[in-house]
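Chemist: Sequence first, predicted model second:
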Amino acid sequence: SSGLFTAMDRRRDTIDRAVKVMFAKKRGLHGSPRLHADLRDDRWEVSEKTVADSMRRQGLVARRIKRRNGLTRQDKTASKFPDLL
């Protein structure tokens, strides 16, 4: 016995496996909306919330893309513009 008694338990286990495989295939970059779209492309009938719940249960968190900001630096040696007001 696998310990999965109800049809819901079996479906949840199957979805968890599919989500885990797809998450690994996408190198952990896709969150639940993108994973949901990927699973739908593979002919899965599953909702985005179900995918999100599965990811939460398994502790799968998509990596955030680090965006660099604040690269413009003030030139301290440049002369100031005259205040014409």
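Modeler: Arrived safely.
Chemist: how deep is D9 tucked in, by neighbour count?
Modeler: 12 (other C-beta atoms under 10 Å). All C-beta atoms are positioned from the backbone trio N, CA, C, and that covers glycine.
Chemist: What's the separation between it and T50?
Modeler: Going from D9 to T50 by C-beta to C-beta, to the nearest Å gives 14 Å.
Chemist: quick one: secondary structure of D16?
Modeler: Taken by DSSP: H, G, I helix; E, B strand; the rest coil, the conformation at D16 corresponds to helix.
Chemist: The closest residue to it other than its chain neighbours - how many residues pack around it?
Modeler: If you skip the residues right next to it in sequence, D16 has S54 as its closest partner in space, 5.1 Å away by C-beta to C-beta, 6 or more residues apart in numbering. Neighbourhood size, S54 [other C-beta under 10 Å]: 23.
Chemist: Would you mind confirming that S54 is in contact with V21?
Modeler: No - the pair S54 and V21 fails to qualify as a contact (C-beta atoms under 8 Å) at a distance of 11.5 Å.
Chemist: ok, the residue nearest to D16 - contacts?
Modeler: S54 sits next to 12, 15-16, 19, 60 when contact means C-beta atoms under 8 Å, 6 or more residues apart in numbering.
Chemist: go with 10 Å
Modeler: When contacts are counted by C-beta atoms under 10 Å, 6 or more residues apart in numbering, S54 is found next to 12-13, 15-20, 23, 32, 35, 39, 46, 60.
Chemist: cool, and E45?
Modeler: L39.
Chemist: Secondary structure element holding it?
Modeler: Using DSSP states H and E, E45 maps to neither a helix nor a strand.
Chemist: follow-up on the earlier one: overlap of the contact sets of S54 and V21?
Modeler: By C-beta under 10 Å, 6+ apart, the residues touching both S54 and V21 are L39.
Chemist: how about the helices in the chain?
Modeler: 7-25, 32-41, 48-58 (DSSP state H).
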